[in-house]
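Asker: model the following, please.
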Amino acid sequence: MDPKTKLPPIIQGGMGIAVSGWQLARTVSLRGQLGVVSGTGIDAVLARRLQLGDPEGDLRRALDNFPWPDMARQVLDKYFIPGGKAEDAPFKLNPMRTMKVSRKTSELLIVSNFVEVYLAKENHDGVVGINYLEKIQRPHLASLFGAMLAGVDFVLMGAGIPLAIPGILDRLARWDTVEIKLTAANNPDRHSYVQTLDPKTYAEGELVPLKRPKFLAIISSDVLAQTFVRRASGFTDGFVVEHHTAGGHNAPPRKDRSAPDRVNEYGPRDEPNLEKIAAHGRPFWLAGGYASPERVQWALDQGATGVQLGSIFATSNESGLLPKIRQNIIDRYLRGDLTIRTDFTASPTGFPFKVVEMGGTIGQADVYAKRGRICDMGYLREMFSVDEKRVGYRCASEPVGDFLKKGGTEEGAAGRQCLCNGLMATIGLGQVREGGIVEPPVVTAGDDFSFLDHILKDGATSYSANDVLDYLLGPSMSSRLLETVSGELVR
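Answerer: Predicted coordinates for the structure are as follows:
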């Protein structure tokens, strides 16, 4: 990796599943900022879009540029349906991820991550990142390898403490075998479960050069920043400091011994100490409620390199959200009845999850009750220990009886929503069930949509990602942001 790299002050957040797709990331990157694609569930996204016939031909063009034609051809042959599947036909499911990943599963992960990054970076020299969730560990190795084959510039990861990732990036850049220790619940004897990947075994012909992308840890506190500086397996290039007002998954509230009755509430202890984070000498970006020039300026005044923004891009025209969902959010805000709440039970991960209250979504009690409990994608399944060599898998949103048989509890299952299927439906890739019924979506966003008051002008009810950047990078911010973007990251 080049030791000196320009630092963009604006990071477009990596919102999954595929809300932050290549179209959005490419638009942001072309403006000199960091466009980020989501790597969460990207193998299912590629497989389903191929089954819809890839009408614009973008996926097939990227597959034609994959360095190993045989691997790309096998993925195309398995999933591509010329003209697209019948509207009432279900999507072909991908195998669920397990500790032992089959070669075909790894190949799909490698190819799909390559395709998304390749399209975001195609024909320009801007920087592109990819975002993953540490909670979803089993696809990491193959996913990172695929993204690096496409020349990804940044890897961003949160929803856990991914201390192993910097070292994995180092080794993949050298084409060395990599391994990751997988977290297992119900493991009092601390059995070790390790997944490995030898990148050389996938290569067809000579090895292509791999660039080590910069690694940004998504954290919520100065304590975590210190943990990465002291204990990470390799160099952590910087931090995204995410406030609990951000969309998607949030860090849980820190326990307050002085107020033991405070449950599921955020308080002063959940505010990160920016001075301590800055003292580590690593660049950092602030996230969660920074979608205005004034808030960007405030972040810079605190010593931040810039800000990461999600929701303001999520409702832009280039977002992967279904247009009707984007418009519903905007219309609700303009009418004054947009409600966003932190749901402490919705996510099977156990992390708090922001939910936009909207009719027809799984967050509505009647829709949730009618859907029933189905787990057939399994990205958020928890791995648990059986013995020294064997593990099992369970999801708090699967049928309660199945969850209980695997050691889960009724309390742990209560209120859990199938985010995998729900988020796929949110981008128009929802599974078709019996009778032609399509899975209901789940919609997440940050708390603050006041940016719409400034971006929507002259009666407009929609806007582009370029409108976002024009608003944030306007005359009042230009000189300060130019100073920031000219800074260099020196390792």
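
Asker: lowest-pLDDT helix or strand in the chain?
Answerer: Lowest on mean pLDDT, DSSP states H and E among the helices and strands of the chain sits strand 488-490, with a mean of 43.

Asker: could you say which helix or strand holds residue 32?
Answerer: In this assignment (DSSP states H and E), residue 32 forms part of neither any helix nor any strand.

Asker: run a quick neighbour tally on it.
Answerer: Here the neighbour count serves as a burial measure; for residue 32 (other C-beta atoms under 10 Å) it reads 16. Every residue, glycine included, has its C-beta placed from N, CA and C.

Asker: now do residue 338
Answerer: Around residue 338 sit 18 other residues, with neighbours defined as other C-beta under 10 Å.

Asker: what's near enough to touch it?
Answerer: In this structure, residue 338 makes contact with 329, 332, 356, 449, judged by C-beta atoms under 8 Å, 6 or more residues apart in numbering.

Asker: surely residue 214 and residue 157 touch.
Answerer: No. With contact defined as C-beta atoms under 8 Å, residue 214 and residue 157 do not form a contacting pair (11.9 Å).

Asker: show the pLDDT at residue 459.
Answerer: The predicted structure scores residue 459 at 89 on the pLDDT scale.

Asker: and it, that's in a strand?
Answerer: No. Under DSSP: H, G, I helix; E, B strand; the rest coil, residue 459 sits outside any strand and is assigned coil.

Asker: tell me where the stretch 351-491 of the chain has strands.
Answerer: Using DSSP state E, counting those that start in this stretch, the strands of the stretch 351-491 of the chain run over residues 353-356, 382-385, 391-394, 488-490.

Asker: same list (those strands) but as TSV, adding distance to residue 318.
Answerer: Converted to TSV, these look like this (distance: least, C-beta to C-beta, whole Å):
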stretch	distance to residue 318
strand 353-356	19
strand 382-385	34
strand 391-394	35
strand 488-490	27
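
Asker: so for residue 410, which of those strands sits nearest?
Answerer: For the strands of the stretch 351-491 of the chain, distance to residue 410 was read as C-beta to C-beta. The smallest value, 13.3 Å, belongs to strand 391-394.

Asker: for the stretch 251-400 of the chain, what spans make up the helices?
Answerer: Taking DSSP state H, counting those that start in this stretch, the helices of the stretch 251-400 of the chain run over residues 274-278, 293-301, 311-314, 323-335, 365-371, 400-405.

Asker: need the winner for burial among these.
Answerer: With neighbours defined by mean count of other C-beta atoms under 10 Å, none of these is more surrounded on average than helix 311-314, at a mean of 27.

Asker: what's the mean pLDDT across that one?
Answerer: Mean predicted lDDT for helix 311-314 stands at 95.

Asker: what's in contact with that helix?
Answerer: Contacts made with helix 311-314 from outside it, assessed by C-beta under 8 Å, 6+ apart, are listed as 12-13, 15, 19-20, 24, 28, 247, 291, 319, 321, 326, 445-446, 448-449, 451, 455, 465, 468.

Asker: among those residues, which are in helices?
Answerer: 24, 28, 326, 455, 465, 468 (DSSP state H).

Asker: burial check on the closest residue to the first one other than its chain neighbours, number of neighbours?
Answerer: Taking C-beta to C-beta, 6 or more residues apart in numbering, and ignoring the residues beside it in sequence, residue 24 has residue 318 as its nearest neighbour in space, at 4.2 Å. In terms of burial, residue 318 registers 20 neighbours under the definition other C-beta under 10 Å.

Asker: enumerate every residue touching residue 318.
Answerer: If you count contacts by C-beta under 8 Å, 6+ apart, then residue 318 has 21, 23-24, 27, 464-465 around it.

Asker: tell me the one among those residues nearest to residue 95.
Answerer: When the contacts of residue 318 are ranked by distance to residue 95 (C-beta to C-beta), residue 21 comes first, at 23.4 Å.

Asker: from residue 36, how far out is the closest one?
Answerer: Here the distance between residue 21 and residue 36 works out to 10 Å (C-beta to C-beta, to the nearest Å).

Asker: between those two, who's got more neighbours?
Answerer: residue 36 (31 against 24).

Asker: quick check: neighbours of whichever strand or helix holds that one in the sheet, parallel or antiparallel?
Answerer: Residue 36 belongs to strand 35-38 when elements are defined using DSSP H and E. Strand 35-38 pairs in its sheet with strand 128-133 (parallel), by DSSP bridges.

Asker: low pLDDT regions in the protein?
Answerer: Scanning the chain for pLDDT under 70 picks out 1-5, 244-252, 254-269, 475-491.

Asker: can you pick the most crowded of the contacts of residue 318?
Answerer: Of all the contacts of residue 318, the highest neighbour tally under other C-beta under 10 Å goes to residue 24, namely 28 neighbours.

Asker: just the contacts of residue 318 now: which is nearest residue 103?
Answerer: Distance ranking of these against residue 103, using C-beta to C-beta, places residue 21 first at 27.1 Å.

Asker: give me the neighbour count for the closest residue to the closest one other than its chain neighbours.
Answerer: Taking C-beta to C-beta, 6+ apart, and ignoring the residues beside it in sequence, residue 21 has residue 320 as its nearest neighbour in space, at 4.2 Å. Applying other C-beta under 10 Å, we find 23 other residues in the vicinity of residue 320.

Asker: who are the neighbours in contact with residue 320?
Answerer: Listed by C-beta under 8 Å, 6+ apart, the contact partners of residue 320 are 15, 18-21, 23-24, 427.

Asker: try residue 211
Answerer: Here residue 211 is in contact with 1, 148, 151, 153, 173 (criterion: C-beta under 8 Å, 6+ apart).

Asker: doesn't the second one lie inside a helix?
Answerer: Yes. Under three-state DSSP, residue 148 sits within a helix.

Asker: any idea how far it lies from residue 172?
Answerer: 6 Å.

Asker: list residues touching both of these two?
Answerer: Common neighbours of residue 148 and residue 172, using C-beta under 8 Å, 6+ apart, are 210, 212.

Asker: report the secondary structure state of residue 218.
Answerer: Using three-state DSSP, the three-state assignment for residue 218 comes out as strand.

Asker: from the contacts of residue 338, pick the one nearest residue 84.
Answerer: Using C-beta to C-beta, the shortest approach to residue 84 within those belongs to residue 329, at 27.7 Å.
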